[in-house]
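> task: produce atomic coordinates for the following.
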Amino acid sequence: MQLESDPAQYITGEKVAAIGAPYGIEWSVSQGIISAARNDAGRYVLQTDAAINSGNSGGPLISLESGKVLGVNSYTRRADSVDDVADNIAFAISAFEVERTLGLSQPIDSDVFSDSAD
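Here you go, the predicted structure:
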């Protein structure tokens, strides 16, 4: 899968799918949109309303239009109290941030991940 690391391509309203294994349920897919692109504590993140639950984190957030990976499903914001309602506020670390932090370039060289004991 190809990373979309150009922040200009993160379009509010774009349809996305979050893939993961929430609560151990393998190959689960939920659909949503990009709600916003944000700077969260110096990290470029994508806010989405696609369901991201325990087990989805680490899975890809994929554009349903381009098929590219836009980010890595990471965390949600929860209500602070019973009276405070917070639903469908989830975040993915953007592919831009992944590429910037890990120094990856495309295509990703498979030798980077090979076992040095070979």
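> list the buried residues in stretch 3-10.
Using 16 or more other C-beta atoms under 10 Å as the test for burial, stretch 3-10 gives 3-5, 9-10. All C-beta spots, glycine's among them, are computed from the backbone N, C-alpha and C.
> make CSV from those and add secondary structure, pLDDT and distance to residue 53 to it.
Rendered in CSV, the data for the buried residues of stretch 3-10 read as follows (DSSP: H, G, I helix; E, B strand; the rest coil; pLDDT from 0 to 100; distance: C-beta to C-beta, whole Å):
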residue, secondary structure, pLDDT, distance to residue 53
3, strand, 90, 23
4, coil, 94, 24
5, coil, 90, 26
9, helix, 94, 26
10, coil, 96, 22
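> and which of these is nearest to residue 69?
residue 3 (5.1 Å; C-beta to C-beta).
> spit out the contact partners of the closest residue to that closest one other than its chain neighbours.
Leaving aside its sequence neighbours, residue 3 sits nearest to residue 95 (C-beta to C-beta, 6 or more residues apart in numbering; 4.0 Å). Contacts for residue 95 (C-beta atoms under 8 Å, 6 or more residues apart in numbering) come out as 3-5, 68-72.
> now with 10 Å, please.
By C-beta atoms under 10 Å, 6 or more residues apart in numbering, residue 95 lies in contact with 2-7, 9-10, 44, 46, 60-61, 63, 68-72, 104, 106.
> before we move on, back to that, closest to residue 17 among the buried residues of stretch 3-10?
Proximity of the buried residues of stretch 3-10 to residue 17 (C-beta to C-beta) peaks at residue 4, which lies at 13.6 Å.
> I figured that closest one hits residue 63, correct?
Yes: assessed by C-beta atoms under 10 Å, residue 4 is found in contact with residue 63 at 6.6 Å.
> which residues do these two both contact?
10, 69-71, 95.
> report the two of those separated the most.
So, these by C-beta to C-beta: farthest apart are 10 and 69, at 11.8 Å.
> good, we can wrap up now.
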